[in-house]
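>>> Predicted coordinates and the sequence they were generated for:
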Amino acid sequence: MTTATHFFDMTTAPMRIGAVRLKVRDLDAVSAFYQRVLGLVPVATDGDRITFGTGDVPLLELQGDPDLSPLDPRQAGLFHTAFLMPTRSDLARWVGHAAEARVPLQGASDHLVSEALYLVDPEGNGIEVYADRPVSAWHGDDGEIRMSTDPLDLQDLLQSAEGTEWSGFPEDGSIGHVHLQVGDTGEADRFYRDVLGLDISASYPGASFYGSGGYHHQLAGNIWNSRRAGKRPEGMAGLDSVEIIVQNAGDITGIAARAESADIASTRTADGLTLNDPWGTGITLRN
């Protein structure tokens, strides 16, 4: 865990996001979007699956199936995949690129812990592109993590690019967090806190934020569009699964035991442990 005067080092967190898998109806269109807009590059291709990332690090897998039903934004699933830029300057360069490419944005916010912009891919999957502030800016007087949704000062952000231009997704960029739509926050807490072992770093009306190692959140769940949603229908486009990298292999054993105690089915393989959250989103934990 990093000190309060530095930026958070995600590689030290007990759990962090690896790759996200989306099921899409038009693989060509969605693939082109992530390459053009976010600068991701293909790192593996297997039939109707394309994995995108930076360097040789996988971040996003797209699985194409034209027979899928369209995404229903009221169902549980993905709120957004949040792509973390290594520095504020990287974020500023991306904002300049998005403006030049006339990429439609849905919002821009100052969250105190970070600065973020929002958009959707061609099939309605939410995306956040953000950069963290130093850890020293995250906490209130009592040490609690403070988050808000304030207007973003875009002009000040753009100045941090210092005249340099976007040249693709940075090699040390990552998926910083995944924000989910859930049917009930209490049920989400029982899975993500009590079974997976994440901390509730912050709570807001209709939303819980789950952190590991002191991060503001690697996962979150809200009911803003999906209150009382049941298990996600089979055969629908959208979020399929989230990969979580676990530092300590022993923690995976503990998660498996807690899942068994909670009567949650799981599958143990050589690569790790896979289980589903209450709404059918696959969670794969690997060391």
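Nice, thanks for sending it over.
>>> Nearest to the spatial middle of this protein, which residue is it?
Val178 (2.2 Å; Cα atoms, centre = their mean).
>>> Parallel or antiparallel, which strands does the helix or strand harbouring that one pair with?
Per DSSP states H and E, Val178 falls inside strand 174-181. Its sheet considered, strand 174-181 pairs with strand 77-84 (antiparallel), strand 219-222 (parallel) by DSSP bridges.
>>> Let's have those in a markdown table, adding distance to Ala137.
Every C-beta, even on glycine, is put in place using the N, C-alpha and C of the backbone. Shown next, in a markdown table, are the strands paired with strand 174-181 (distance: least, Cβ to Cβ, whole Å):
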| stretch | distance to Ala137 |
| --- | --- |
| strand 77-84 | 16 |
| strand 219-222 | 19 |
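>>> contacting residues around Gln75?
Gln181, Ser226, Ala229, Arg232, Pro233, Met236, Gly238 (Cβ atoms under 8 Å, 6 or more residues apart in numbering).
>>> so where's the stretch 1-150 of the chain uncertain?
Low-confidence segments of the stretch 1-150 of the chain (pLDDT under 70): 1-5.
>>> The residue of the chain most remote from its centre sits in which helix or strand?
Residue distances from the centre of the chain (Cα atoms, centre = their mean) peak at Gly163, which lies 29.1 Å from the mean C-alpha position. Gly163 belongs to no helix or strand when assigned by DSSP H and E.
>>> Would you mind putting the CA coordinates of the strand holding Val178 into PDB?
Only the C-alpha atoms of strand 174-181 are listed here, as PDB (Å, rounded to 0.1, in the frame of the first residue of the first chain):
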ATOM      1  CA  SER A 174      -5.100  -0.500 -16.600                       C
ATOM      2  CA  ILE A 175      -8.700  -1.200 -15.700                       C
ATOM      3  CA  GLY A 176      -8.800   0.600 -12.400                       C
ATOM      4  CA  HIS A 177     -12.300  -0.500 -11.400                       C
ATOM      5  CA  VAL A 178     -15.500  -2.000 -12.600                       C
ATOM      6  CA  HIS A 179     -18.800  -0.400 -11.600                       C
ATOM      7  CA  LEU A 180     -21.800  -2.800 -11.700                       C
ATOM      8  CA  GLN A 181     -25.500  -2.500 -11.800                       C
END
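>>> and for that strand, what are the contacting residues?
10, 16-20, 57, 59-60, 75-84, 126, 128, 130, 132, 188, 217-226, 229, 239, 242, 277, 279, 281.
>>> After it, which helix or strand is next? Please name it.
helix 185-192.
>>> now that following helix and strand 174-181, what's the angle there?
Going by axes from the mean of the first three to the mean of the last three Cα atoms, to 10 degrees, helix 185-192 is angled at 140 degrees with respect to strand 174-181.
>>> Point out the other helices and strands that helix 185-192 packs with.
Contact here means 3 or more Cβ pairs under 8 Å, 6 or more residues apart in numbering; DSSP states H and E; on that basis helix 185-192 packs against strand 207-211, strand 219-222.
>>> Neighbouring strands - and their directions - for the helix or strand just after it?
Remark: after helix 185-192, the chain's next helix or strand is strand 199-204, criterion DSSP H and E. Partners of strand 199-204 in the sheet, by DSSP bridges, are strand 207-211 (antiparallel).
>>> could you show me where the helices are in the stretch 51-200 of the chain, in order?
88-100, 154-159, 185-192 (DSSP state H, counting those that start in this stretch).
>>> List just the one of the ones you listed that sits closest to Ile145.
Closest to Ile145 of those, according to Cβ to Cβ: helix 185-192, at 16.2 Å.
>>> Outside of the closest one itself, list whatever touches it.
Under Cβ under 8 Å, 6+ apart, the answer for helix 185-192 is 180, 182, 198, 200, 203, 206-208, 210, 219, 221-223, 262, 264, 277-278.
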